[in-house]
Structures are given as structure tokens and as C-alpha cells.
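J.: what's the 3D shape of this:
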Amino acid sequence: MRNSYLLTMTFFVLHQMDAAYWHEWNMFLDIPPGGIQGYLAYNLILMPIFFIGYKNVIESGEHACKYSYFCGGIGVLVLLVHGSFMLAGYDEFKLPFSIAIIALCFLSGSWQIRQTFIASRPG
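T.: Now for the predicted structure:
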């Protein structure tokens, strides 16, 4: 779980850096509100959750699986959201590396969910 969490978190942080370049907040119809300021506030809330979760996973904490499912779910969600944006005709995130990061978020998130499921089974 620890390796898949680290990969998913890394790809998501990289995606957020790419999202700042593309002004992703404009694609969400002002959700979160406030443009770049809202986007930064969103990340100020989300990033500590990722880091606290990773600490929990490394230390085999009581809530390690919950944090791991959350992180993996975010990784999967990145592809679902951006796939919807592409279907809606948005031109952002069409560079090869942007597409690769989105795909890697999905793949590592899916792998992480699987690893977490295996780790959480009794026996």
C-alpha cells in the first residue's frame, strides 16, 4: 500500500501543478469560487490530508486503509473528471505529458485501491 500511495500522491501533486498552468478552476464553473485563490485554498485543505494519510499508511495506523482508499479514489477521479472535460470539448490538458499524468493518476489510483483491498482483507 505504501508504494501505491506514494505513486498516486506524486502523480496527483504533479497533476495539480499542471492544472495550475491550464487554469483548471475555469473548467469547474467557478467551483471552488475565487479563481486561483480558491484553487490554492482547495489544495491547502487537500494536500495535508494526503500527507497525513501517507504517514498513517507508513506507520500502519488505525485509519491507513481509509486514507489509502481516499487517495486512490482521487487518482481515479482525476481521469473521470478530465475525461468528462474532454468530452465537453475543453482544449486544456491535451499535451502528451498532461494526458500521461492523468492516465498515471488513474492507473496508480486503481492499483492502490486494489492493494488496499488486499491489505484490508482478514487473514
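J.: tell me who's in contact with the closest residue to Gly35 other than its chain neighbours.
T.: Closest residue to Gly35 apart from its sequence neighbours, by Cβ to Cβ, 6 or more residues apart in numbering: Trp25 at 5.7 Å. Every residue, glycine included, has its C-beta placed from N, CA and C. By Cβ atoms under 8 Å, 6 or more residues apart in numbering, the contact list for Trp25 reads Pro32, Gly35, Ile36, Gly38, Tyr39.
J.: so which of these is the most crowded?
T.: Using other Cβ atoms under 10 Å as the neighbour criterion, Tyr39 leads the contacts of Trp25 with 19 neighbours.
J.: what sits closest to it if chain neighbours are left out?
T.: Trp25 (4.5 Å).
J.: tell me the pLDDT at that neighbour?
T.: Trp25 is assigned 87 on the pLDDT scale.
J.: how many neighbours does Val57 have?
T.: Using other Cβ under 10 Å, Val57 has 25 neighbouring residues.
J.: just to revisit the earlier point, helix/strand/coil for the residue nearest to Tyr39?
T.: helix (DSSP: H, G, I helix; E, B strand; the rest coil).
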